[in-house]
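Engineer: Turn this into a model:
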Amino acid sequence: MKSIFDRVALSNGVVAMNRICRSATEESIYPGGDITPEAVALYSRLAEGGAGLIVSGMVEVSPSGKFIPTVSVAYHDDYAERLAPICEAMRKSGTAFLVQLVHSGFKSRALENPLLSPSPVLAGPGIITREITEDEISGIVTDFANAALKAKLAGADGVQLHNAHGYLPSAFFSPYSNCREDAYGGNRENRARFILEVYDAIRAKTGDDFVIGIKTNCSDLIEPSISIEDCIWLLDRLRRKGLDYAEISAGLIPSELPPDRFIPMPKSDDEPIFYRAAAYIAEHLDMPVYSVCGWRCADVMNRCLNESKLAGISMCRPFIREPDLVRRWASGDLSPAKCISCAGCSKHSGYAAMCREKPEGLNDEVLFGCTLK
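Structural biologist: Numbers count the residues shown, from 1 in each chain. The predicted structure is shown next:
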């Protein structure tokens with residue numbers, strides 16, 4: 001029988017001490033893109049909270065893809081030095097730690113640069129993106145590899161490539177946002193070319209002793225969309241190259257759609273909304289697969305783990321409300337996460353990942369996502 005407290009071997013000697021992953025979010029506490037003492041405090045607290053695997057908030061690899069002004073960026077010269085204290089906190093706690101690498105493409109809100117996408121798309125009222133050139137593609141592939149190397153030098157166990165939610169890699173793979181007629185568009189082999197090149201560049205730069213995972217869509221939730229078979233095909237291609245694990249999400253979420261088109265919340269705690277898709281993908285792949293979105297109850301997690309080949313469960317917002325959630329469960333208190341899926345941590349806080357209720361055990365001077373007031 002599988003349990004949420006089982007260890008998970010990712011690869012290359014990296015082992016998650018349980019099946020629970022803190023999934024990535026954007027904490028909005030990086031003024032100018034720099035890692036601050038507040039960010040180190042946030043991740044130190046998360047490291048003590050008991051999750052077996054922690055994925056950092058999104059880290060932009062290139063100035064041309066910056067999401068918002070307060071997102072962490074890897075292209076600063078001292079990024080590895082600033083990231084190192086977070087990696088050290090993870091090592092001390094025994095937590096596996098990955099850095100999520102992203103280029104925001106048409107999701108960027110830092111409008112000092114033209115918004116880039118595989119093909120022109122409507123990115124907001126009256127805002128049409130510019131089609132990215134092949135020279136720019138080559139430069140961004142290099143940016144991903146350089147960012148991954150900095151993460152390795154800082155002491156991270158690996159990186160997670162963000163290939164979901166309309167960020168640039170997933171925008172390339174989606175037929176909704178990729179109507180190109182060159183080597184990067186058309187059939188799924190061409191649409192996958194960008195993410196495959198990114199993977200190859202990172203592996204060449206960081207070597208075989210570095211975990212590379214991916215967060216990827218099983219569906220774009222908009223027509224035309226990738227299929228679940230497309231997702232499996234892509235992951236299998238990457239697995240044969242050495243991909244170490246996958247986290248399954250959904251939704252392209254183009255900016256002109258209402259915010260409610262963002263990842264939909266489950267109707268009940270009985271079965272999180274993307275579980276069946278993730279379980280189907282895990283059934284067809286010989287690699288660890290994690291399911292994300294809507295998980296709140298330990299007993300549901302254990303049941304779903306045992307009726308599927310899933311390796312683990314990913315959560316984000318429950319750790320915003322309760323950074324010590326896994327430690328609480330391990331102590332014997334298996335009551336559900338206190339997060340009520342209100343989405344207040346994003347919708348009402350300027351994209352700062354802060355629960356509207358003060359997390360227990362923190363004083364008013366400690367930042368948890370942003371200043372508690």
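Engineer: beta partners of V292?
Structural biologist: S314 (DSSP bridges).
Engineer: what about the stretch 101-250 of the chain, any weak spots by pLDDT?
Structural biologist: With pLDDT under 70 as the threshold, the stretch 101-250 of the chain has low-confidence stretches at 110-113.
Engineer: Could I get the full set of helices for it?
Structural biologist: Along the stretch 101-250 of the chain, the segments classed as helices by DSSP state H, counting those that start in this stretch run 134-154, 168-173, 188-191, 193-206, 228-241.
Engineer: just how off-centre is the fourth one within its chain?
Structural biologist: Which is helix 193-206. 17 Å (C-alpha atoms, centre = their mean, to the nearest Å).
Engineer: Got phi/psi on V326?
Structural biologist: For V326, the backbone dihedrals are phi -70, psi -40 (criterion: degrees, to the nearest 10).
Engineer: Tell me the spatial nearest neighbour of it, not counting adjacent residues.
Structural biologist: Counting by C-beta to C-beta, 6 or more residues apart in numbering, G50 is the residue found nearest to V326 once chain neighbours are left out, at 3.3 Å. Any C-beta I mention is one placed from the backbone N, CA and C, and that applies to glycine too.
Engineer: and the one you found, what does it touch?
Structural biologist: For G50, the contact set (C-beta atoms under 8 Å, 6 or more residues apart in numbering) comprises 18, 20, 324-330.
Engineer: measure I195 to K309 for me?
Structural biologist: 24 Å (C-beta to C-beta, to the nearest Å).
Engineer: just S3 next, same as before
Structural biologist: In this view, S3 and K309 are 15 Å apart by C-beta to C-beta.
Engineer: between these two, who's got more neighbours?
Structural biologist: Of the pair S3 and K309, K309 is the one with more neighbours under other C-beta atoms under 10 Å, namely 17 against 12.
Engineer: For the more buried one, which non-adjacent residue is closest in space?
Structural biologist: Nearest non-adjacent residue to K309, counting by C-beta to C-beta, 6+ apart: A282, 4.2 Å away.
Engineer: Correct me if wrong: the one you found contacts L305.
Structural biologist: No: in this structure, A282 is not within contact of L305 by C-beta atoms under 8 Å, at 10.2 Å.
Engineer: Find the residues that touch each one of these two.
Structural biologist: Taking C-beta under 8 Å, 6+ apart as the contact criterion, no residue touches both A282 and L305.
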